[in-house]
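Engineer: Starting from these lines, generate the structure:
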Amino acid sequence: MAGDQYKMDNPIFICNLEGEIQHASYLVKRILQMGDHTKGYSIYEFVHPDDRPGIEGCFSELLTLGDQGSIPFRYRIENDNYEFLYAKASLVNTHEYPEPVVYITNFYTSDGVELFPVYDSYDNLKRKYQLLFENNCDATFVIDLNGRFLSVNDACVTLSGYSKLELIRMTFFQLIKETYHTSAKKELIRLTNDPDKQNNTFIEMENKSGETVLLNVTSIPLIENGNTTGIYVIAKDVTRQTRLTEELMQSQETLHAVLEHLNVGVFLYAVKDDMTLSPFFEVNHIVCNTLGYSKSELMSMTLRDLYTPEMFQIVLNQRSRLLTSKNMTLKSYHLHKNQKKIPAKINSQIITVNGETMVFSMVEYQTNSAKIQAEEHRSRDPGKNLRLIMAEMDINTAELAAITNLSQATISNLRTGKVKKPNVDTAKKISSALNESASRIWPDLPY
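Structural biologist: Model (predicted):
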């Protein structure tokens, strides 16, 4: 049983004395990019050919001396690219295997950085992160309270240009531009000290090729047994949307024609000094077709007409924040002409047209299939689900309490996981306000 526990609680790699792989833990396979099926393969398929004699020699010493040893080797990342690593090797006799096996643990880089954090259990790690990470099309990762990467998904590799192995050696601060370091560190401290907080902001990153990428970053605390243990982050690449807006504004004479050829919904409306609402200055056919209005109808409407009265108060707060940040991406909804709520992902920017301050919004309306897919990838942790949805919608605890007529304490306790099972009425109020099914937030409850 000791061998079982060791396998469960530690990043570990097990092979026999001939190098045939018997077991590789989930985290090891993900970070070392080994694939899901490793049993029956040889460890020598993953290391530099010149390092095989040294590894075989280490195994011989383990068999002779019955002690622990350190194995230096070059691990194959891809093709002919290798990463130099150290690992601890121990000879173990266990009832699981007919002959002695080698437990390889404690992986370090050449500069002494440990690759794998200690997690509570293999099962918990797999349950919590596999679907959320591997199936998310946006860059998704977890950092510890010092900003060091603990886990990253494939989209993060694509966005940054770094391999998973390279990212695990880095901190989040090494990826982002230096001008954002101070604000990012302050935000990390704020999220660490108050698990009821969330953050939605924009940060510039420099990828491995040296290109600048503008990210919309949503961050929520990871809470284990009432304590913040890390930060869960979703980073959306909004570089294209920003550049598209800049290009459109440079050719205002063709603006109306260009907007009709975009495959996303577009709104353009003025922001007055007294903060009163102006009718829409421009909308495109995607908006008209999705919301069921003619263009002439929409051009006589304002932002107020697209939301319920309760939600509109939050929209006004968000617009005030937009005037400060100049750029905002969030999930929300728009009301169809028949008053049905249509889920939407909205990217809004402050622009200037003919000297007038305006809001330019690009809207991706969510289809039923996309919403079903999102529900399938939701965590089993209801507190985390609620925090993430609120962060994506840029709604804080006080705002959600106001539109649901619930107390801030009730919302806070549900967000932080202190209360995991709300009553039916509370669950319905919250899910309705967020335009989500209750089962997506609380997957284990029958409502």
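
Engineer: can you count the residues close to N423?
Structural biologist: Using other Cβ atoms under 10 Å, N423 is surrounded by 8 other residues. In short, each C-beta sits where N, CA and C put it, glycine included.

Engineer: what ranges do the helices span in the stretch 151-300 of the chain?
Structural biologist: Remark: helices of the stretch 151-300 of the chain, listed N- to C-terminal, are 154-160, 164-168, 172-175, 181-193, 239-250, 255-259, 285-291, 295-298; assignment by DSSP state H, counting those that start in this stretch.

Engineer: and the ones you listed as TSV, adding mean pLDDT, distance to N199 and mean neighbour count?
Structural biologist: Converted to TSV, those look like this (pLDDT from 0 to 100; distance: least, Cβ to Cβ, whole Å; neighbours: other Cβ atoms under 10 Å):
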stretch	mean pLDDT	distance to N199	mean neighbour count
helix 154-160	90	18	19
helix 164-168	81	21	21
helix 172-175	93	13	20
helix 181-193	88	5	15
helix 239-250	68	20	14
helix 255-259	64	32	14
helix 285-291	92	29	17
helix 295-298	91	33	14
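
Engineer: how deep is the nearest residue to K420 once chain neighbours are set aside tucked in, by neighbour count?
Structural biologist: Nearest residue to K420 in three dimensions, chain neighbours excluded: P382, at 5.8 Å (Cβ to Cβ, 6 or more residues apart in numbering). With neighbours defined by other Cβ under 10 Å, the count for P382 comes to 24.

Engineer: Next: L268.
Structural biologist: Number of residues near L268 (other Cβ under 10 Å) recorded here: 19.

Engineer: just E178 next, same as before
Structural biologist: When counting by other Cβ under 10 Å, one arrives at 9 neighbours for E178.

Engineer: How about L62?
Structural biologist: Other residues within reach of L62, judged by other Cβ under 10 Å, total 20.

Engineer: That one - nearest residue in space that isn't next to it in sequence?
Structural biologist: Residue nearest to L62 in three dimensions, not counting chain neighbours: L91, with 4.2 Å by Cβ to Cβ, 6+ apart.

Engineer: Could you check how far the closest residue to S437 other than its chain neighbours is from N317?
Structural biologist: Of all residues not flanking S437 in the chain, S431 sits nearest, at 6.1 Å (Cβ to Cβ, 6+ apart). For S431, the distance to N317 (Cβ to Cβ, to the nearest Å) stands at 21 Å.

Engineer: which ones are touching the residue nearest to S437?
Structural biologist: With contacts defined as Cβ atoms under 8 Å, 6 or more residues apart in numbering, S431 is in contact with 437-438, 440-441.

Engineer: and the residues you listed, which are buried?
Structural biologist: Among those, those classed as buried by 16 or more other Cβ atoms under 10 Å are 438, 440-441.

Engineer: Give the single residue among these positioned nearest to C156.
Structural biologist: Of all the buried ones among the contacts of S431, R440 has the smallest distance to C156: 23.9 Å, by Cβ to Cβ.

Engineer: Contact partners for the residue nearest in space to the middle of the chain?
Structural biologist: Closest residue to the average C-alpha location of the chain: I234 at 2.5 Å, with Cα atoms, centre = their mean. Each residue near I234 by Cβ under 8 Å, 6+ apart is listed here: 136, 138-140, 217-218, 388, 392.

Engineer: looking at the helices of the stretch 151-300 of the chain, which is closest to M362?
Structural biologist: Closest approach to M362 among these is made by helix 239-250 (5.8 Å; Cβ to Cβ).

Engineer: No more questions from me, cheers.
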